[in-house]
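Novice: pasting the sequence and the predicted model now:
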Amino acid sequence: VADQRTYSKGALPLSAHAKASFDAIYPPQFYNRIPKQGVFMDIGTGIGRDAIAVHNRSKGRLLVIGIEPEEGSYEQACAQYPDKDIVLCHNWDDVGKVKRNRQIAYLAANIQDLETPPPKLKADFINCSAVLMFVPEQEQDQFLQSLHRLSKPYRDIFLRWRTDMLKGQMIKVEERDLVRKLINHSFFPDVKPDFPDGAPLYRDFSWHDMIITPTQKGYSPA
Ligand SMILES: C[S@@+](CC[C@H](N)C(=O)[O-])C[C@H]1O[C@@H](n2cnc3c(N)ncnc32)[C@H](O)[C@@H]1O
């Protein structure tokens, strides 16, 4: 049962999670920066809530790719959104066949295990929400390298993590360490206040938000 999976302990029940309004979850700094067309990736998409919301908002102009390793989440996504044509993919060839106007790609993988996508499938925007706390410390470098490979250079990646209510195998992400790692992996980190005008009442946890930009390898702001 999805609600009992380790990663979601303490979070909203699945049905409430699926119904949550996009604008209540994400600040305008996130959704205002999503391009009108191109490729959008939702890493750790789970039941696909954010991927579906972005596909709806883009009116089919964005190729939306949800990436998720958890077995069973694809079936849950299909059950939760029966009106949506969510296509299970196992590699970039499968993703390349998805019709962006009426389908959503669901790529079953850990991002660390994915090959570099062909240039036309690299992301113009990545959402990576509530995933970082689940990546073990020893895999964080590989995870960040993978994020870099998935994106076109100088595009935005929205990174969201929490440091409260950590359960099970979740790790505490220290912002200082994360910024250091991001710079080592050639990202420009831009820390954002979470809802500068006050978060909506409807929240499950308090979140840390950052927009990071992959630069060319070897970039150093120093
Ligand atoms: C708490 S859920 C977040 C779901 C959704 N993104 C949200 O914001 O509500 C974390 C998800 O990240 C996925 N995940 C963990 N490590 C991952 C990795 N290396 N690559 C892709 N997804 C990963 C988990 O399987 C899980 O579905």
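Specialist: Okay, I see it. For clarity, every value in this text was computed on a predicted model and none was experimentally measured.

Novice: right, and the ligand sits closest to which residue of the protein?
Specialist: At 2.5 Å from the ligand, Gly44 is the closest residue in the chain, using C-beta to the nearest ligand atom. Every C-beta, even on glycine, is put in place using the N, C-alpha and C of the backbone.

Novice: next, the spatially closest residue to Leu62 that is not a sequence neighbour: phi, psi?
Specialist: Sequence neighbours aside, Phe40 is the residue nearest to Leu62 in space, at 4.6 Å (criterion: C-beta to C-beta, 6 or more residues apart in numbering). Note on Phe40: backbone dihedrals following degrees, to the nearest 10 are phi -120, psi 130.

Novice: count of neighbours near Phe40?
Specialist: Neighbour count of Phe40, defined by other C-beta atoms under 10 Å: 26.

Novice: and it, how close does it get to Cys128?
Specialist: For Phe40, the distance to Cys128 equals 12 Å [C-beta to C-beta, to the nearest Å].

Novice: circling back to that earlier point, tell me the predicted confidence for the residue nearest to Leu62.
Specialist: According to the prediction, Phe40 has pLDDT 98.

Novice: and the protein, which residues reach the ligand?
Specialist: The chain has residues 7-8, 43-46, 50, 67-70, 73, 110-112, 129-131, 134-135, 143 near the ligand, with proximity defined as C-beta under 6 Å from any ligand atom.

Novice: show me these that map onto strands.
Specialist: Counting by DSSP state E, these place Ile43, Ile67, Ser129 in strands.

Novice: report the contact partners of the most centrally placed residue in the chain.
Specialist: Central residue of the chain (C-alpha atoms, centre = their mean): Cys128, 2.4 Å from the mean position. Contact analysis of Cys128 by C-beta atoms under 8 Å, 6 or more residues apart in numbering lists Ile43, Gly44, Leu147, Ile157, Phe158, Leu159, Arg160.

Novice: can I assume the fifth one sits in a strand?
Specialist: Looking back up the chat, that one is Phe158. Yes. According to DSSP: H, G, I helix; E, B strand; the rest coil, Phe158 belongs to a strand.

Novice: count the residues that sit near it.
Specialist: Around Phe158 sit 23 other residues, with neighbours defined as other C-beta under 10 Å.

Novice: can you tell me which residues contact it?
Specialist: Contacts for Phe158 (C-beta under 8 Å, 6+ apart) come out as Tyr26, Phe30, Arg33, Phe125, Ile126, Asn127, Cys128, Ser129, Asp209, Met210, Ile211.

Novice: the last one now?
Specialist: With contacts defined as C-beta under 8 Å, 6+ apart, Arg160 is in contact with Cys128, Ser129, Ala130, Trp207, His208, Asp209, Met210.
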